[in-house]
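>>> compute the structure for the input listed below.
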Amino acid sequence: FTIMIRSISSDKKGLQAPVIPPPMTPGIQVVHETAQSVLTDSKVGEGSFGVVTWGYSKLTGSPVVSKKIQDRASAKSEIVALKKGIPHTPRLREEFENDQSLNIVMDHVNQKDIFHAFLSNTSTEKLTLCEIRSIAYQALEFLAYLAERNLTYNDMKPENMIWKRASNCLTIVDLASIRDEMNCDDSPERTFVYVAPEVLLEGTVTFSTDIWSLGCVLFHLIARDLLFYPPDGFTFEDPAEDMLLQMVGQIGIPSNQFLEECDIEIDPTLFQDAPASDWVSRITIALLKLGAKQMDVDAWIKLLSSMLCYENRATAQQLLTNPLFGGEIRVKLISDPTTKCTMLLQGVIIDFHIDKNRCLHIPRDPKDSYTLILKNQTQQLKIPLTLKSGDVLDITPYLAKLASTGESSTKRARTISATTSDNNS
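Sure, this is the predicted structure:
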């Protein structure tokens with residue numbers, strides 16, 4: 001079936017132009033309609049929080065998802081987080097109450113999460129080292145923004161990260177776990193293999209706890225293997241002890257001061273049973289297989305070493321200055337996100353539907369020379385640009401030029417057609 005929705009844009013006669021809904025698979029039913037969205041029963045995903053279903057915006061026709069959450073406290077936490085405008089997170093469209101649950105409507109990032117897309121046993125695609133570097137940089141931007149506001153994420157893992165290859169864009173989801181740094185006691189359960197030692201031992205949770213988790217995630221992305229394995233099958237009754245022994249074997253023994261600041265007491269003689277392992281050798285082999293040069297291997301080891309330590313971990317802001325990230329630039333974009341044309345900067349698609357912060361990460365050119373390409377069904381513009389990281393690029397005048405060029409071409413075509421008709425008569 002087809003539902004005709006009217007948009008807020010108007011045609012030349014002052015009438016509202018129809019928005020064409022995206023095609024729907026036969027059998028999908030509309031189950032709810034709000035002032036802004038049409039929502040269906042097509043399931044996108046589900047978890048302990050509830051169910052995510054597909055829909056589309058009445059205003060633009062672009063796809064959206066509705067996240068139905070039974071736990072009202074969790075839903076409100078996520079809504080508060082989405083309203084903060086945190087970089088690399090979905091755009092909140094609206095929220096409403098229905099069937100004793102809260103529903104959050106967001107832009108739909110039509111992509112599998114990083115684990116299922118690139119790391120699971122069934123995934124066929126692999127991340128390149130350049131992509132992993134960009135994921136690291138954007139994840140650190142996300143954590144730096146939170147840290148500046150004394151917030152912690154508490155659930156950094158590949159399943160909560162979505163990588164859009166075409167637009168070089170990372171989106172981090174499931175924001176209900178975000179807490180104020182001074183109020184982390186009620187944070188949800190974390191994924192064991194990425195959890196920091198202070199969480200295992202009930203120490204103080206701060207924004208540096210997220211840094212440890214991201215370090216474990218980056219190791220996983222590079223090595224395609226976990227740094228620390230789930231405690232299933234280990235001999236100790238306490239899984240926290242199993243994980244801690246792995247950490248001791250890989251990272252070293254924590255200081256007495258670190259242990260004294262944790263609520264769970266550990267017998268130091270336990271560390272004698274830690275299985276020795278060398279994460280540096282493992283990551284070096286993996287990096288070389290990905291084609292890294294020795295200087296890049298050293299930079300990655302330095303980065304991860306400052307993240308995977310018990311004390312004095314580097315902050316996200318400090319890590320962003322690592323020379324490893326000198327290979328790309330970040331450009332803030334200004335434009336009309338509803339523009340119907342293809343936009344590429346240095347071959348990277350500009351997708352305002354995905355990147356609500358309108359920032360683009362692109363490979364750095366040694367001469368700071370870049371090419372902006374705008375194209376619609378009939379025209380294409382190539383604009384040479386000189387850019388540096390942090391620059392603001394206003395695409396609006398170039399879009400106007402593309403539109404005027406198209407109008408001129410249409411007028412010329414009509415003139416030629418009229419002349420031909422006259423001659424034929």
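>>> now do the same for the spatially most central residue of the chain: its pLDDT.
The residue lying closest to the centre of the chain (C-alpha atoms, centre = their mean) is residue 171, at 1.6 Å. At residue 171, the model reports a pLDDT of 92.
>>> show me what contacts it?
Going by C-beta atoms under 8 Å, 6 or more residues apart in numbering, residue 171 touches 88-90, 109, 161-162, 164, 354. (Glycine included, C-beta is placed from N, CA and C.)
>>> do you know how far it is from residue 224?
Distance from residue 171 to residue 224, counting by C-beta to C-beta, to the nearest Å: 22 Å.
>>> please apply the same query to residue 388.
Noted for residue 388: a distance of 34 Å to residue 224, by C-beta to C-beta.
>>> next: residue 288.
When C-beta to C-beta is the yardstick, residue 288 and residue 224 sit 14 Å from each other.
>>> so what's the residue count around residue 313?
Using other C-beta atoms under 10 Å, the number of residues around residue 313 comes to 21.
>>> which of the three states applies to it?
Secondary structure for residue 313, judged by DSSP: H, G, I helix; E, B strand; the rest coil, is coil.
>>> need phi/psi at it.
Here the main-chain torsion angles of residue 313 (degrees, to the nearest 10) amount to phi -70, psi 150.
>>> quick check: closest non-adjacent residue to it.
residue 208 (4.3 Å; C-beta to C-beta, 6 or more residues apart in numbering).
>>> in what helix or strand does the one you found lie?
helix 207-223 (DSSP states H and E).
>>> so what touches the helix or strand just after that helix?
Using DSSP H and E, the next helix or strand after helix 207-223 towards the C-terminus is helix 239-251. Taking C-beta under 8 Å, 6+ apart as the criterion, the residues outside helix 239-251 that touch it are 192, 195, 197, 200-201, 227-229, 231, 234, 236, 254, 264, 266, 270-271, 273-279, 308-310.
>>> from residue 299, how far out is residue 164?
Residue 164 sits 25 Å away from residue 299, going by C-beta to C-beta.
>>> more neighbours: which of these two?
Applying other C-beta under 10 Å to residue 164 and residue 299 shows that residue 299 carries more neighbours, namely 19 against 16.
>>> doesn't residue 322 make contact with the more buried one?
Yes. Applying C-beta atoms under 8 Å, one finds residue 299 in contact with residue 322, separated by 6.5 Å.
>>> where in the stretch 101-250 of the chain is pLDDT low?
Residues of the stretch 101-250 of the chain that meet the criterion pLDDT under 70 lie in 181-189, 231-238.
>>> show me where it has strands.
101-107, 151-152, 161-164, 169-172, 179-180 (DSSP state E, counting those that start in this stretch).
>>> show me the one of those that comes nearest residue 76.
Judged by C-beta to C-beta, the one of the strands of the stretch 101-250 of the chain that comes nearest to residue 76 is strand 101-107, at 7.1 Å.
>>> tell me which strands that closest one pairs with, and in which orientation.
According to DSSP bridges, strand 101-107 forms sheet pairs with strand 63-69 (antiparallel), strand 92-98 (antiparallel).
>>> please identify the most buried of the ones you listed.
Here the criterion is mean neighbour count by mean count of other C-beta atoms under 10 Å, and of the strands paired with strand 101-107 the winner is strand 63-69, at a mean of 23.
>>> what lies in contact with that one?
In this structure, residues lying in contact with strand 63-69 by C-beta under 8 Å, 6+ apart are 22, 32, 37, 39, 44, 49-57, 75, 78, 93, 98-99, 101-108, 110, 176.
>>> which of the residues you listed are buried?
The neighbour-count test (16 or more other C-beta atoms under 10 Å) marks 32, 37, 39, 44, 49-57, 75, 78, 93, 101-108, 176 as buried among these.
>>> what is the neighbour count of the closest residue to residue 368 other than its chain neighbours?
Taking C-beta to C-beta, 6+ apart, and ignoring the residues beside it in sequence, residue 368 has residue 386 as its nearest neighbour in space, at 5.3 Å. Neighbour count of residue 386, defined by other C-beta under 10 Å: 10.
>>> who does residue 386 form a beta bridge with?
Assigned bridge partners for residue 386, using DSSP bridges, are residue 369.
>>> for it, give its distance to residue 399.
20 Å.
>>> check residue 138 too.
As for residue 138, its distance to residue 399 is 26 Å (criterion: C-beta to C-beta).
>>> ok, now residue 215?
If you measure residue 215 against residue 399 using C-beta to C-beta, the figure is 41 Å.
>>> so the two - more neighbours on which side?
Neighbours per residue (other C-beta under 10 Å) separate residue 215 from residue 399, with residue 215 holding more: 26 against 18.
>>> show me what contacts the more buried one?
304, 307-308.
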